[in-house]
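**Student:** sequence plus the predicted model coming up.
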2 protein chains.
Amino acid sequence: MQAALDALSDPIRRSIVRELAEVPDWSLACGTFKELPVAKSTLSHHFTVLRNVGLLEQRDEGARRLNRLRREEFDTRFPGLLALVLSEH
Amino acid sequence: MQAALDALSDPIRRSIVRELAEVPDWSLACGTFKELPVAKSTLSHHFTVLRNVGLLEQRDEGARRLNRLRREEFDTRFPGLLALVLSEH
DNA sequence: ACGAGTGTTCGACAGCCGTCGAACAGAGGA
DNA sequence: TCCTCTGTTCGACGGCTGTCGAACACTCGT
C-alpha cells in the first residue's frame, strides 16, 4: 500500500501508466516515451519503480524492452486505484 | 489528484484518516491522537495537509478543534481512493 | 487573575527521492 | 567489424517535505 501510493504519487509515472493503458499489451518499449521531459536514466528509474510495485511486466524483445500493464493483478491487490489513475485526464 | 495522492502517501496521515473513519463525526479533537509518534507541531501540519486536500473539515469547540471526515465529498472527487485507504488493515 | 490544556506558527535540520550525465552492456544492421 | 540503438548502473546534486522545539494565542477552570 505504501509502495503503491508512493509509486503513483509521481506525475511522470502516472503518465507512463496512462499511456500504457491506451495501447495493447507488449506494444510499447521503454524508449517510446521520449516526449516525457526526463533523461533516459530517469525514465529507467521510473520503470523500475513501477515494476517493483507490481504495476508493470517487462519482457525483452531483442534490444528493446516491451511493457505490459498488470491491470487485473494490481486491481485485485488495490481495488479502484488503477481506475482512479486512468481517470485522470 | 496530485495533492490527494501526496496527502495519502504519508502513513501518519492515513492513520489519522482511518481513525476518524471509525468514530462519529465531530467526536475527535486533534489532541486525541497522542499515540502517534510525532510532535504536536508535526501533527498540526498533517491536519493542515488533510484539510487542504478536502479530506477533513474542522470546527472549533471551545479550545479544542473537532474533526470530521468528508467522506462523500472526497469520494465524489476521487472515487474509490478513500475506500482503499480505509481498507488498509 | 492565574495556570493548565489545546493548537498554530516559525525557523532549522535531516533524509529521501527525482534528476542528470557519463560510462557500460547487449542486440542488430551496414 | 564497426556503428547505432536501447536500456541499465553509478555517483552526485538539489529540492521537497516530514520532523522537531520554542514561542505564541486562545479557552476554560479554579
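**Tutor:** Cool, got the structure.
**Student:** contacts only, for the residue nearest in space to the middle of chain A.
**Tutor:** For chain A, A:V17 is the residue whose C-alpha lies nearest the centre (C-alpha atoms, centre = their mean; 3.9 Å). Neighbouring residues of A:V17 by C-beta atoms under 8 Å, 6 or more residues apart in numbering or on different chains: A:L8, A:L50, A:L55, A:L69, A:L82, A:V85, A:L86. For every residue, glycine as well, the C-beta is placed using N, CA and C.
**Student:** what ranges do the strands span in chain A?
**Tutor:** For chain A, strands defined by DSSP state E occupy the ranges A:28-29, A:56-61, A:64-69.
**Student:** now those as TSV including distance to chain B?
**Tutor:** Listed next are these as TSV, based on distance: least, C-beta to the nearest C-beta, whole Å:
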stretch	distance to chain B
strand A:28-29	23
strand A:56-61	18
strand A:64-69	18
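**Student:** looking at those, which is nearest to DNA strand C?
**Tutor:** For those, proximity to DNA strand C was assessed by C-beta to the nearest atom of the strand; strand A:56-61 is nearest, at 7.5 Å.
**Student:** ok, the closest one: who's next to it in the sheet?
**Tutor:** Here strand A:56-61 is paired, per DSSP bridges, with strand A:64-69 (antiparallel).
**Student:** before we move on, back to that, redo the strands of chain A as a markdown table? Include mean pLDDT.
**Tutor:** Converted to a markdown table, those look like this (pLDDT from 0 to 100):
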| stretch | mean pLDDT |
| --- | --- |
| strand A:28-29 | 98 |
| strand A:56-61 | 98 |
| strand A:64-69 | 98 |
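**Student:** flag every residue of chain A that's near DNA strand D.
**Tutor:** A:29-32, A:40-41, A:43-45, A:47-48, A:58, A:63-65 (C-beta under 7 Å from any atom of the strand).
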